[in-house]
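Participant: task: produce atomic coordinates for the following.
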Amino acid sequence: MNSNDQKLVLVFGATGLQGGAVANEALKQGFKVRILVRDKNAPKSQALIQKGAEAVVGDFDNPSSLESAMKDVDAVFSVPISGMDTVETDRERKQVLAVIQSAVKSGVKQFVHTSVAATSRYTEFPKWGTGYWFEKYWTDKWDGEEAVRSAGFPSWTILKPAVIMENFIDKVELMYPDFKQGEIKTVTFADTLIDYISVKDLAVFVCAAFENPEKFNRQSIELAAESISYNEITEIISEVTEKELNVSTRTIEESEKEGVHPLIISSQEWDNVVGYNVDIDSLKTYDIKLTSFKEFAEENKDQFKID
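Facilitator: You can find the predicted model right below:
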């Protein structure tokens, strides 16, 4: 008897990267999964419905649709879906607060939220307070975490991934426009170590929290499987795809001239100056097998878009 099948979990962002991974993993582990979608007929919604997910139509701007989606739910996975709010609409904070309020009102017992590593020390970043970094990104993430912590849920967990490995597949055009031509152009130095986690590992952590709320209660857990440089990354991807991929370090001025978005430039510089610095060893206590970048690359070798 699988006790998971007694538990109904509501997954937000199920047609996106993190929510999609969580919905798939929860279904695989036998949970009853409900997803909030805008369109039941969208291909990603349909794929999850066919695997057994129950789809409810709604959106963050409609509180009554959120409350309908929360009916009889045991646990919620919350992921802000606005990403880099470049026009500062305050959308992410509003989304998170709307979900929390609906969950509290609906008596949800467990709330699992995803944020990002390094939020707890943003005020210590060099040049913090000058507007040099995209400060709203960090303060919004932190405010979302604080709202979860103070909401009064019987059980809450905040998972804080560093860089998602799947960015090299799902967000590659945005982050590395020359990837297809076999080049990563970046202000990040080729030997700077960056912390990475696979979205599948994040999903396994979420489901471990669903399964064992007591163990994960009141925990804010930074997630990374490996610290690895662009030199190593390009070598691994070249090896598994048998196509040449090189890294080319740019100055800030060169990147600006090439028309790279200022926020992307500053995030690349942030890797050199600050970095996530996740305590990867501390994750051993959870006894969850983490995916190395090499394993991720081998598993996804046909998905890397290099000509």
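
Participant: ok, residues contacting the helix or strand of the chain with the lowest mean pLDDT?
Facilitator: Every helix and strand in the chain was compared by mean pLDDT, DSSP states H and E; the lowest is helix 172-175, with a mean of 88. Contact partners of helix 172-175, identified using Cβ atoms under 8 Å, 6 or more residues apart in numbering, comprise 167, 179, 180, 264, 305. Yep, even glycine has a C-beta here, placed from its N, CA and C like the rest.

Participant: average pLDDT for stretch 48-60, rounded please.
Facilitator: For stretch 48-60, mean pLDDT rounds to 95.

Participant: which residues touch that stretch?
Facilitator: 11, 14-15, 20, 23-24, 27, 32-40, 45, 65-66, 68-69, 94-95, 98-99.

Participant: now with 7 Å?
Facilitator: 14, 23, 27, 33-38, 40, 45, 65-66, 68-69, 95, 98 (Cβ atoms under 7 Å, 6 or more residues apart in numbering).

Participant: okay, now it: how far is its last residue from its first?
Facilitator: With Cα to Cα, to the nearest Å applied, stretch 48-60 spans 20 Å between its terminal residues.

Participant: would you confirm that residue 204 contacts residue 287?
Facilitator: No - with contact defined as Cβ atoms under 7 Å, residue 204 does not count as touching residue 287 (10.9 Å).

Participant: so which of the two has more stuff around it?
Facilitator: Neighbours were counted for residue 204 and for residue 287 using other Cβ atoms under 10 Å; residue 204 has more, 21 against 7.

Participant: show me what the strand or helix carrying the more buried one is packed against.
Facilitator: Taking DSSP states H and E as the criterion, residue 204 maps to helix 199-211. Contacts defined by 3 or more Cβ pairs under 7 Å, 6 or more residues apart in numbering; DSSP states H and E place helix 199-211 against helix 17-28, strand 110-114, strand 155-161, strand 219-223.

Participant: closest one to residue 230 among those?
Facilitator: Set against residue 230 and scored by Cβ to Cβ, these come closest in strand 155-161, at 18.9 Å.

Participant: can you check the distance spanned by stretch 265-283, start to finish?
Facilitator: Per Cα to Cα, the first residue of stretch 265-283 is 30 Å away from its last.
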